[in-house]
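>>> sequence unknown, structure follows:
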């Protein structure tokens, strides 16, 4: 598993170095571990004992005997410790409890408007998280970290939302601090599209190192995986394609203050607005989807054109970052092939052939699960990072 968290560039030492070998879940004997690390068995044993005291690894008594006494193997205890993944959307909170190998143990969700503010929404997330722990017979001491995705820009250094347009009252709010007060573990926060990119990659494209995940729903954004790492940029806003200007716009104002932003032209609400102007009952993305599903020709045309507008921006992205896969997610993908066909039409015709010869443009396989999956992966990558394991071991020593 490639570590694409904040700490992916750090190398471990001591017990954390041993843990990085065992985190793939494959059992190994002390001799194997000593050979891999170039250390004496006695030194390896001390490090194993430190990880066992933390409940992170344990013995696996299924070694095959070759005539003598079978060698006891050591492996990651994936289910002994857990993480929480929290996906906060415009109108929902989803929370998943996950083991250290990324298997979801249980999840729950609740409809709630993000506009109700951070105190109300985060209280909902905390309650859902604690219910999951209790219902699976886990306690707060079993929890290692929490990952959170929010539908707006995030200052990556602090984990605080930064002028999020659809999140009134959230600007600068200390999301990690509030959640840490309740769970007493590290809390990592990122914008929802970055989180979805992590989730989609882990679930469907683990061997793809260069991928672009694009979400088209109420807003439009993208998450960039390059050389196996999530790219956030200098200020955490890399991939914010929703506010790139579309050339064939008609002066449509965007909530950001500019005109003809991609989000103002091709998002679900933008398409619904165009259809209302044509006399159709369309007030949301769901109404657009329903009209397309019924075979309405004007709705199909509007969705196809929205796909072309997205394709115009993505054709420039293809030349800039050269992904091998573009994954399209969000509610607009529920309009079927019409939307993605519009994207493909423009990308394959405008981007240079060398950049598109192997390029695949596909619909998200994770669907609505991408956000909570990615939030869980963000938490797992941190929980299993060398820096965090070292901190746990040092804390054990000081007790």
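Received the coordinates, thanks. This one's a predicted model, so the numbers in the text were calculated from it and none came from an experiment.

>>> Residue 34: what secondary structure?
Of the three states, residue 34 takes helix according to DSSP: H, G, I helix; E, B strand; the rest coil.

>>> What number of neighbouring residues does it come out with?
Using other C-beta atoms under 10 Å, residue 34 has 18 neighbouring residues. All C-beta spots, glycine's among them, are computed from the backbone N, C-alpha and C.

>>> for the one 5 residues further on, same thing?
Counted with other C-beta under 10 Å, the neighbours of residue 39 add up to 16.

>>> Does it lie in a helix or a strand, and which?
Assigned by DSSP states H and E, residue 39 falls within no helix or strand.

>>> Distance-wise, check it relative to residue 48.
Residue 39 is 11 Å from residue 48, where distance means C-beta to C-beta, to the nearest Å.

>>> Could I get the contacting residues of residue 255?
165, 264 (C-beta atoms under 8 Å, 6 or more residues apart in numbering).

>>> Secondary structure class of it, three-state.
Per three-state DSSP, residue 255 ends up coil.

>>> can you check residue 201 too?
Assignment for residue 201 (three-state DSSP): helix.

>>> Next one: it from residue 99, what distance?
On the measure of C-beta to C-beta, residue 201 and residue 99 end up 19 Å apart.

>>> And these two? Which one has more around it.
Taking other C-beta under 10 Å, residue 201 and residue 99 do not tie; residue 201 has more neighbours (28 against 18).

>>> What does the pLDDT read for the more buried one?
On pLDDT, residue 201 comes in at 93.

>>> I'd guessed it sits against residue 209; true?
No - in this structure, residue 201 is not within contact of residue 209 by C-beta atoms under 8 Å, at 9.2 Å.

>>> intersection of neighbour lists for these two?
Common neighbours of residue 201 and residue 209 (C-beta under 8 Å, 6+ apart) are residue 225.

>>> can I assume residue 24 sits in a strand?
No - read with three-state DSSP, residue 24 is coil and lies in no strand.

>>> That one: how many residues sit nearby?
The burial count for residue 24: 11, using other C-beta under 10 Å.

>>> Residue 317 now?
A total of 21 residues lie near residue 317 under the criterion other C-beta under 10 Å.

>>> Nearest spatial neighbour of it, chain-adjacent residues omitted?
Setting aside the residues directly before and after it, residue 317 is nearest to residue 212 in space (C-beta to C-beta, 6 or more residues apart in numbering), at 6.3 Å.

>>> Then residue 235?
residue 155 (7.2 Å).

>>> How about the contacts made by the one you found?
161, 162, 235, 236.

>>> ok, which pair from these is furthest apart?
Spanning the widest gap among the contacts of residue 155 are 161 and 235, at 13.1 Å by C-beta to C-beta.

>>> A helix includes residue 348, no?
Yes - under three-state DSSP, residue 348 falls within a helix.

>>> got a list of what the residue nearest to it when sequence neighbours are not counted touches?
Excluding the flanking residues, the one nearest residue 348 by C-beta to C-beta, 6+ apart is residue 356, at 5.5 Å. Applying C-beta under 8 Å, 6+ apart to residue 356 gives the contacts 318, 347, 348.

>>> how far away is the second one from residue 309?
Spelled out, that is residue 347. Distance from residue 347 to residue 309, by C-beta to C-beta: 12 Å.

>>> Residue 393 now?
Where residue 309 is concerned, residue 393 sits at a distance of 52 Å (C-beta to C-beta).

>>> So for these two, which sits in the more crowded spot?
Set residue 393 next to residue 309 and count neighbours by other C-beta under 10 Å: residue 309 wins out with 24 against 21.

>>> For that one, which residues are in contact?
So residue 309 contacts 246, 248, 262, 265, 266, 342 (C-beta under 8 Å, 6+ apart).

>>> tell me the SS of residue 107?
Residue 107 is classified as strand under three-state DSSP.

>>> Quick check: bridge partners of it?
residue 96 (DSSP bridges).

>>> Where does pLDDT dip in this protein?
In the predicted model, the chain carries pLDDT under 70 at residues 1-13, 61-71, 396-399.

>>> Could I get the full set of helices for it?
15-22, 30-37, 41-53, 118-135, 175-183, 192-204, 262-266, 268-277, 285-293, 297-321, 337-350, 353-356, 370-383, 386-398 (DSSP state H).

>>> Which parts of the fifth one count as buried, going by neighbours?
Judged by neighbour count (16 or more other C-beta atoms under 10 Å), helix 175-183 contains these buried residues: 175, 176, 178, 179, 182, 183.

>>> and which of these is nearest to residue 217?
residue 175 (21.3 Å).

>>> leaving aside the residues next to it on the chain, what's closest to that closest one?
Closest to residue 175 by C-beta to C-beta, 6+ apart is residue 189, at 5.0 Å.

>>> circling back to that earlier point, compare residue 161 and residue 235 (neighbour count), which wins?
Shown here are residue 161 and residue 235; by other C-beta under 10 Å, residue 161 has more neighbours (23 against 12).

>>> dump the residue contacts of the more buried one.
150, 152, 153, 154, 155, 167, 170, 171, 172, 173, 175.

>>> can you pull up the bridge partners for the residue lying closest to the fourth one once chain neighbours are set aside?
On the basis of C-beta to C-beta, 6+ apart, the spatially nearest residue to residue 154 that is not a chain neighbour turns out to be residue 191, at 5.0 Å. Following DSSP bridges, residue 191 is listed with bridge partners residue 150.

>>> State the distance from residue 191 to residue 132.
23 Å.

>>> Between those two, which is the more surrounded one?
residue 191 (25 against 20).

>>> which ones are touching that one?
149, 150, 151, 152, 153, 154, 221, 236.

>>> Next: residue 214.
193, 220, 221, 222, 241, 310, 314, 326, 327, 328, 329, 330.

>>> cool, residue 340 as well?
Per C-beta under 8 Å, 6+ apart, neighbours of residue 340: 307, 328, 333, 361, 362, 363.

>>> ok so, going back, for residue 338, see how far away the residue nearest to residue 154 is.
For residue 191, the distance to residue 338 - C-beta to C-beta - is 27 Å.

>>> quick one, what contacts the closest residue to residue 193 other than its chain neighbours?
Sequence neighbours aside, residue 221 is the residue nearest to residue 193 in space, at 4.0 Å (criterion: C-beta to C-beta, 6+ apart). Residue 221 sits next to 191, 192, 193, 214, 215, 239, 240, 241, 242 when contact means C-beta under 8 Å, 6+ apart.
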